[in-house]
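Peer 1: pasting the structure only:
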C-alpha cells in the first residue's frame, strides 16, 4: 500500500510503501473489542484493602468478666467497636486484571492501524520544526485540515520542539512508537505517523 508522505508544513515529500501485513489487515469488531476491554480493565485500580476483624493481630484472651461489669459482653479486642480493632465491612482488594493472548493483542493493533490506514492516516517525514512554537504548529494543523482528536506517534522518542509546541493544543496527543496501543488509536479521529514510527511499528511485528 502506497501512501503519500508530507512535511509538517503540508508540502509533499515523496511516497512510502506500507507493509500490508501490518496496515492492510481487515478489521474485526470482536477482536478490537476484546483488546480494548483488556486494556481498560487492566487500567482499573482497586481500593486499598482495609483490615477486618479476622485480619487484625490482637490477643484472643477474654479481657473482662462475662457478667457483672454493667457493660456488653466481649471476648476479643479485635471487635470493630474498639480502637485498633478490625473495620466492619471494609474495602476489599479486587483484581481486575485480565489475560489476553499475545497474538490477539498483536492482531488487534494491526487491525487498529489498518482501520486508520483506510481513512484517517497521515504520514509525515518528521516532526522537526524550524520554529517550534504553539502558534506556528496550530497554523500547520489548520492548513492540513486535521479534524477532531489527533494522535501523533514518533519513533523511539518524540521530537522535543514538537512536544512542547503541541503541549498547549487541545485534542493533540503525542507518544513514541513503543506506546502505540489499540485504545488510543481508535479513540482519535486522525492518526499521524512519522516515517520512523512506521519503521518501528513494522519492525515490532516482523521482529
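Peer 2: Structure received. In this text the structure is predicted, and so the values were computed from the model without any measurement.
Peer 1: residues contacting the residue lying closest to residue 28 once chain neighbours are set aside?
Peer 2: For residue 28, ignoring the flanking residues on the chain, the nearest one in space by CB to CB, 6 or more residues apart in numbering is residue 111 at 6.4 Å. C-betas here are computed from N, CA, C, even on glycine. Contacts for residue 111 were tallied using CB atoms under 8 Å, 6 or more residues apart in numbering; they are 25, 26, 27, 28, 31, 32, 182.
Peer 1: could you identify the helix or strand that succeeds the lengthiest helix in the chain?
Peer 2: Scanning the chain for the longest helix, with DSSP state H as the assignment, gives helix 102-118. Next in sequence after helix 102-118, counting helices and strands by DSSP states H and E, comes strand 121-124.
Peer 1: tell me how many other residues surround residue 107.
Peer 2: 19 (other CB atoms under 10 Å).
Peer 1: oh, that last question was meant for residue 183, not what I typed.
Peer 2: Number of residues near residue 183 (other CB under 10 Å) recorded here: 17.
Peer 1: next: the one 10 residues further on.
Peer 2: Each residue near residue 193 was counted by other CB under 10 Å, and the total is 29.
Peer 1: report pLDDT for the residue of the chain most remote from its centre.
Peer 2: Relative to the centre of the chain, and counting by CA atoms, centre = their mean, the farthest-placed residue is residue 68 at 62.6 Å. At residue 68 the predicted local confidence, pLDDT, stands at 90.
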